[in-house]
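# What follows is a predicted protein model with its sequence.
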2 protein chains.
Amino acid sequence: MANGLDDSLATEKTALIPASDLLCFSVYATAHAFMRAYRPLLAPLGLTYPQYLVMVVLWERDARTVKEIGEALSLDSGTLTPLLKRLEAAGHVSRSRDESDERRVVVRLTPRGDALRAEAAGIPAALGCVMGLDVSAIRGLRHQLADLRLRLETGDEGEARRRVTSYPAEPRSPRR
Amino acid sequence: MANGLDDSLATEKTALIPASDLLCFSVYATAHAFMRAYRPLLAPLGLTYPQYLVMVVLWERDARTVKEIGEALSLDSGTLTPLLKRLEAAGHVSRSRDESDERRVVVRLTPRGDALRAEAAGIPAALGCVMGLDVSAIRGLRHQLADLRLRLETGDEGEARRRVTSYPAEPRSPRR
DNA sequence: CCATATTCAATTGCGCACAATCGAATTACG
DNA sequence: CGTAATTCGATTGTGCGCAATTGAATATGG
């Protein structure tokens, strides 16, 4: 026991775990690789990768509040508000207060934003070719990652903290 | 054919692909979930997640140049220089020019940075428990992600661009 | 009704990430 | 040599991501 390591190797003591062997690093590096692969395809549309994800959410269902978009993408208003303002400035979406609840801001596709859907339609398939994975492999990987994400999000943080053999480690101004 | 989608569904036309069904999104969301899971464990050590990855790299082998660290983590100097300065300000590393080649900056662990290794030793195992995956599952996932990353990085960008059924899409100042 | 609590977006401040650019140092070449 | 090309890091500017706070609007309880 004591070994569901983030790593593939059981480690005796202070551990020499190459970063490349950490699962967290694999996910981290792959996420960056995805963004770098998308960038040149999205650039002609005037979108960054996170902006593209917001558009995907709106193409799926239009007229969502900031909160709904945030829940779909696990992002908060501090990230979304400026991002949505940039999408608005680019003419892809409009932002307006919900009349029945003035706290909500409803984000809607403009005709321009809706038209962009057709231009972006080929992107997932193009990247699929670059990846060269078959549909079932992609499905499997997606499900493994969804499962992992769920475990990370629901995991008992206090439990984890306790397992870090807890050198009390004087408060060090972690800044975040 | 025409279907190694980034998605699990073949799509007829302009496509209603929920963001949650995109592999890129699964990777993106899981990377964020990892960072959020690490944060409370790293905070007592005064490290952010990317800073922790740099320390892992240095714990594995000390006295590396900025370039070497960047290659290990796929990060460039624009990201690393300020990050390393913060690690230096915190007393975890020192930075000094290589005497034999004044262009290089060698980053070394301070005694404090070296001591941090012991405090951080329990973290991968603690997270491993939170994830609740066995060692072989982790290994499998790591290898799938490494393979995917390689394909994304070596993929023919021009080829991908061509496949985006190429509405020419007037240059739109993508800004990046 | 009114006071309190909650919900929601916006704002602020900090840290990562990358493109583009720069300047200094080194290496290659003629 | 001495000029050109390359390597390396730092810098600048833009955009994401999150914690914490604010302030307005709505919901709740007495």
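Structure's in. What do you need?

# So for residue A:138, what's the nearest residue that isn't a sequence neighbour?
Nearest in space to residue A:138, with sequence neighbours left out and distances taken as Cβ to Cβ, 6 or more residues apart in numbering or on different chains, is residue B:23 at 5.3 Å. Heads up, the C-betas are built off the backbone N, CA and C, glycines and all.

# looking at it, the one you found is touching residue A:140, isn't it?
No. Here residue B:23 does not reach residue A:140: they are 10.3 Å apart, not a contact under Cβ atoms under 8 Å.

# which of the two has more neighbours?
residue B:23 (25 against 14; other Cβ atoms under 10 Å in any protein chain shown).

# Now do the contacts for the most centrally placed residue in chain A.
Nearest residue to the geometric centre of chain A (Cα atoms, centre = their mean): residue A:73, 6.1 Å. Shown in contact with residue A:73 (Cβ atoms under 8 Å, 6 or more residues apart in numbering or on different chains): A:50, A:53, A:54, A:57, B:19, B:25, B:29.

# can you list contacts of stretch A:19-30?
By Cβ under 8 Å, 6+ apart, the residues outside stretch A:19-30 that reach it are A:6-9, A:145, B:27, B:30-31, B:34-35, B:38, B:53, B:56-57, B:60, B:72-74, B:124, B:127, B:131, B:138, B:141-142, B:145-146, B:148-149, B:152.

# ok, of those residues, which come out buried?
Taking 16 or more other Cβ atoms under 10 Å in any protein chain shown as the criterion, what is buried in those is A:6-8, A:145, B:27, B:30-31, B:34-35, B:38, B:53, B:56-57, B:60, B:72-73, B:124, B:127, B:131, B:138, B:141-142, B:145-146, B:148-149, B:152.

# hmm, stretch A:36-45 touching chain B?
Yes. Legend: contact between stretch A:36-45 and chain B by Cβ under 8 Å from any Cβ of the partner chain is shown at A:36, A:37, A:38, A:39, A:40, A:41, A:42, A:43, A:44, A:45.

# Okay, buried residues for that stretch please.
Using 16+ other Cβ under 10 Å as the test for burial, stretch A:36-45 gives A:37, A:38, A:39, A:41, A:42, A:43, A:44, A:45.
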